[in-house]
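>>> Dropping a prediction and its sequence here:
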Amino acid sequence: MDRTHTNNNYSIMNILEVNDVQKTFATQVAVDKVSFRLDQGSIFGLLGPNGAGKTTLIRMITGIFYPDAGTIHFEGRPFDAANDILRIGYMPEERGLYKKMKIGEQALYLAQLKGLSRHEATQKVRYWFNKFEMQNWWNKKVEDLSKGMSQKLQFVTTVLHEPRLIILDEPFSGLDPVNSNLIKDEIYDLARKGSSIIFSTHRMEQVEEICDHIILMNKGQKILDGSVSGVKQQFKENLFQVGLENAEPAENGAAPRSEAFAVVGEKDGQLVVKIDPGHRPNDVLSYFIQRGTGITSFMEILPSLNDIFIRLVEGTPLARQFQKV
Ligand SMILES: Nc1ncnc2c1ncn2[C@@H]1O[C@H](COP(=O)(O)OP(=O)(O)OP(=O)(O)O)[C@@H](O)[C@H]1O
């Protein structure tokens, strides 16, 4: 267990440690010896196609299922569902609100289930309803809310007891851009205050923007684990985007030719070049400088998580990757 010494208190850095967990349903291995660690304050992306095993993994972390094998440690101790669940907030994909119950009463009830007194619950619910401009909803029923509104309510009931671990399954589905940003800002804020967040989604661009660390699952197995920037570096393909002063970058109508690089496409009116092994970005710059061509910009193109995902999960041929840059 990693610990750091701050202000005479030990704070646990490694909030969750999952080791070789496994779950099988009949003959279907849903989660196959998956391990990962989650640091305090981290926003962690759990990715994978349909049926990859994400929900099963989350259900083991939240004590809904016992693993068939492997261990889960929460805050440095073996996970104890009965006690630790009060320190976890889980917003599942199938939302679990009572349709006929009034919204204010429901939020109070759920907060008390998470261990808050009636007084604390009232304070927290009022604080969050105020913050999210939901004050007028108090006496409405869930069935009277739009999808986006019930999504906001679900988020509030997941986080208002200030859990140390927050698990959000597709938290932005059904939200308009304004409300998505509202929730996004709260996710950053909760992480800044020390909560750790597991964020499960199929939306790669959201993961790229929000998460600092990801794991990718496929067919029950973990096939990728790392920081977002580290994973992008791992899968980069020596592609660079070159802006040239001359609107017609080709020499005499032909694409530039060099031993150091090949032109593999165009993006935003600029050349996309792939540098050959053994050569450096400087070789590309030298090529154009020697020919008197002004360079207006030079930027490395890193693969998006979506590109990496497709490459790993569906085995898309490399040629198609280049078409997409
Ligand atoms: N209760 C269950 N009984 C039998 N099989 C199950 C059960 N839960 C999950 N599975 C199977 O385990 C595998 C993993 O399912 P899981 O729901 O964990 O995937 P997922 O990554 O969450 O998928 P999705 O993105 O579609 O929600 C699937 O093959 C699924 O059919």
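Yep, that arrived. Numbers count the residues shown, from 1 in each chain.

>>> What about Asp283, how many residues nearby?
15 (other C-beta atoms under 10 Å). The C-beta positions use only the backbone N, C-alpha and C, and glycine is treated the same way.

>>> Ok, Leu302 next?
17.

>>> In space, what's closest to it - neighbours in sequence excluded?
In this structure, Leu302 finds its nearest non-sequential neighbour in Lys232, 4.3 Å apart by C-beta to C-beta, 6 or more residues apart in numbering.

>>> Need phi/psi at the one you found.
phi -60, psi -40 (degrees, to the nearest 10).

>>> list the contacts for it?
Counting by C-beta atoms under 8 Å, 6 or more residues apart in numbering, Lys232 touches Leu302, Pro303, Leu305, Ile308.

>>> where do the helices sit along the stretch 1-150 of the chain?
Assigned by DSSP state H, counting those that start in this stretch, the stretch 1-150 of the chain shows helices spanning 54-61, 81-84, 103-113, 118-131, 147-159.

>>> near the ligand, which residues of this protein?
Along the chain, the residues adjacent to the ligand under the rule C-beta under 6 Å from any ligand atom are Phe25, Gln28, Ala30, Gly48, Asn50, Gly51, Ala52, Gly53, Lys54, Thr55, Thr56.

>>> Please indicate which of these are buried?
Ala30, Gly48, Ala52, Gly53, Lys54, Thr55, Thr56 (16 or more other C-beta atoms under 10 Å).

>>> quick one: which of those residues is nearest Gln135?
Lowest distance from Gln135 to those (C-beta to C-beta) belongs to Thr55, with 33.8 Å.

>>> Buried residues, stretch 219-238. List them.
Neighbour count says stretch 219-238 has Gly220, Lys222, Leu224, Asp225, Val228, Val231, Lys232, Phe235, Glu237 buried, by 16+ other C-beta under 10 Å.

>>> ignore the last one, stretch 162-171
For stretch 162-171, by 16+ other C-beta under 10 Å, it's Pro163, Arg164, Leu165, Ile166, Ile167, Leu168, Asp169, Glu170, Pro171.

>>> Any buried residues in stretch 196-206, and which?
For stretch 196-206, by 16+ other C-beta under 10 Å, it's Ser196, Ile197, Ile198, Phe199, Ser200, Thr201, Arg203, Met204, Gln206.

>>> Which one of the residues you listed is nearest to Val159?
Ile197 (9.6 Å).

>>> coming back round to it: sort out for me which of the contacts of Lys232 are in helices.
Leu305, Ile308 (DSSP state H).

>>> Can you tell me which of the contacts of Lys232 has the most neighbours?
Most surrounded of the contacts of Lys232: other C-beta under 10 Å gives Leu305, at 24 neighbours.

>>> residues contacting that one?
Leu47, Met204, Glu205, Val207, Glu208, Ile214, Val228, Val231, Lys232.
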